[in-house]
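K.L.:
Okay, structure incoming, though there's no sequence with it:
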């Protein structure tokens, strides 16, 4: 059963709670499909009168902000030993290269690394704990965390909801041409932000590649 079909079988309150919980756990550092669940729920809200998109967006934002804050606290308390332990358990995600790249990203971009990290799957999972480990001032982290949570969770909910509403209306008039146009228009704004986030990540990786040869010399 697809996620959207399953969500359609549960009460609206359960949908709100599920979305907030999954996104919160993902933000805390547990790899869960938060974005898939959010997109599915937002699309469902456009076709289901019982699910309020504003409440849905608020729950998603709350989950993102609270989860990231808990992840920050865990990272701050666990420190470097936590990264070493995670590196041993999950070398693919917490290897030395990934940690070094993340450190450079935080040093170079600061609060923006947390903000734009919301739009990159890997950084969305680890931004909170890494910010804590790297001792980013909490007030800076909190501002970037809240703004990033609103932009990502609220923005995604709004875009997908209106895409669903417009697509359904246009499909009745213009068949699949309306759906294609609605999807293209709705996703453009999100892709622009994602592109910016990916550029930040690529810049950090290039800096790491240049540093390694220099160190070898």
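P.N.:
Here it is on my side, so go on. Just so it is clear, the model here is predicted, and its values are computed rather than measured.
K.L.:
Please name the residues that touch the closest residue to residue 136 other than its chain neighbours.
P.N.:
Once flanking residues are discounted, residue 136 sits nearest to residue 106: 6.5 Å by C-beta to C-beta, 6 or more residues apart in numbering. (Each C-beta comes from the backbone N, C-alpha and C, glycine too.) Listed by C-beta atoms under 8 Å, 6 or more residues apart in numbering, the contact set of residue 106 reads 113, 130-131, 134, 136.
K.L.:
Tabulate those (TSV), appending distance to residue 19, pLDDT and secondary structure.
P.N.:
Converted to TSV, the contacts of residue 106 look like this (distance: C-beta to C-beta, whole Å; pLDDT from 0 to 100; DSSP: H, G, I helix; E, B strand; the rest coil):
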residue	distance to residue 19	pLDDT	secondary structure
113	25	81	helix
130	24	83	helix
131	23	87	helix
134	29	82	coil
136	27	87	coil
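K.L.:
Just put those residues in TSV and tack on neighbour count.
P.N.:
Shown next, in TSV, are those (neighbours: other C-beta atoms under 10 Å):
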residue	neighbour count
113	28
130	26
131	29
134	20
136	22
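K.L.:
Among the residues you listed, which pair sits farthest apart?
P.N.:
Pairwise distances across the contacts of residue 106 peak at 9.7 Å for 113 and 134 (criterion: C-beta to C-beta).
K.L.:
ok, how many other residues are close to residue 85?
P.N.:
Residues near residue 85, counting by other C-beta atoms under 10 Å, number 12.
K.L.:
hmm, back to that, for the residue nearest to residue 136, pull up the helix or strand it's in.
P.N.:
In the assignment (DSSP states H and E), residue 106 maps to helix 96-109.
K.L.:
Having no further points to raise, I will conclude here.
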